[in-house]
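# no FASTA, just this:
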């Protein structure tokens, strides 16, 4: 029986890489008729793989990577992003978005909530929101976690209103970055290349009109575990390959797994693959160490996530009139 990795892995990585590059070149040069590409460079695996694929598709002067930190960003992300730019020999620019976020009152709103929950809060403290795993179809209740100046952790309850405010204050970071990408794209006659992978896209782990805003999405049909496979083939810096992926939206660094996935990538990919290919619970059980109850729970979680995020994968809906029932149209037709 196949293992999870054997089941999901790309069978011919070189062929897949070449096909993705052909897709990028055709979309940008022929369909969109642009001179090059611009993308966000975060220092994570998805943007690094995107960068490497673009360098195989275009000349270096046709490529621009934007590194867009803000005051809560982990400095290591910027360092890793610069390493990718240097290794693959394309131009990158650092654009600090702190002042833009300050103009929206983002930090003030967040720190007000944290101060109310943790009275000892000061500028040396760091914080993040953690979404615990769901269990037995019970939604995990998000909580605030503060790391004080003595490196002690404090878990604090937050209201649904606070959670929405904190979520909005992180989503706007992605939307500001998207706006910057399109500004530089239009200025250079470049297209914006997205970095969202299939695991994120199917679960709604992206921000609509934020990191989900782009002209093309080369990775959108590639599972997260397959992204790492591509990364090894493309010789992405090892430090990125072994690092935990992070959304880079909290001062207290958190991994994607802690913030959203709640289970390892390979398990998420297995469940997504099983749903897409109509595998049964028994099929999943045979190729994993998961118990029946856990598999049932994971299927339910994915069903909920995909249903609730469906609107994020669709264009805005519009009213579709039935013209034959409109009085004005009917009169014209009668005449």
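The structure has been received and is ready for your questions. These numbers were taken from a predicted model, which means no experiment stands behind them.
# test my guess that residue 251 contacts residue 75.
No: between residue 251 and residue 75 there is no contact, the gap being 11.8 Å when judged by CB atoms under 8 Å. C-betas here are computed from N, CA, C, even on glycine.
# which of those two has more neighbours?
residue 251 (20 against 9; other CB atoms under 10 Å).
# mind checking pLDDT for the more buried one?
Per-residue pLDDT puts residue 251 at 85.
# on the three-state scheme, the nearest residue to residue 158 once chain neighbours are set aside is what?
Of all residues not flanking residue 158 in the chain, residue 144 sits nearest, at 4.9 Å (CB to CB, 6 or more residues apart in numbering). Here residue 144 is strand, with the state taken from DSSP: H, G, I helix; E, B strand; the rest coil.
# same deal with the one 10 residues further on?
At residue 154, secondary structure determined by three-state DSSP is strand.
# do residue 192 as well
strand.
# quick one: contacts for it?
By CB atoms under 8 Å, 6 or more residues apart in numbering, the contact list for residue 192 reads 37-39, 178, 181-182, 185, 213-216.
# who is it paired with across the strands?
Beta-bridge partners for residue 192, by DSSP bridges, are residue 38.
# make 43 the first number, not 1, from now on.
In the new numbering, first residue 43, that becomes residue 234.
# by neighbour count, which of the contacts of residue 234 wins?
Ranking the contacts of residue 234 using other CB under 10 Å puts residue 79 first, with 31 neighbours.
# that one against residue 70, yeah?
Yes: contact between residue 79 and residue 70 holds when scored by CB under 8 Å: they sit 6.0 Å apart.
# now the common contact residues for the two.
99-100, 233, 235.
# of all the residues you listed, which comes closest to residue 245?
Nearest to residue 245, judged by CB to CB, of the shared contacts of residue 79 and residue 70 is residue 235 at 21.1 Å.
# distance of that closest one relative to residue 110?
Applying CB to CB, to the nearest Å, the value for residue 235 to residue 110 is 15 Å.
# comparing these two, which shows the higher neighbour count?
Each of residue 235 and residue 110 has its neighbours counted (other CB under 10 Å); residue 235 has more, 29 against 24.
# could you count how many residues lie near residue 84?
Neighbourhood size, residue 84 [other CB under 10 Å]: 29.
# domain-wise, how is this protein divided?
Domain ranges of the chain: 46-144+206-351, 147-205, per automatic domain parsing.
# worst average pLDDT in these?
For those, mean pLDDT drops lowest on domain 147-205, to a mean of 85.
# secondary structure element for residue 227, which one?
helix 202-230 (DSSP states H and E).
# same for that helix, what does it pack against?
strand 78-82, strand 105-109, helix 140-145, helix 148-159, strand 168-172, strand 232-234 (3 or more CB pairs under 8 Å, 6 or more residues apart in numbering; DSSP states H and E).
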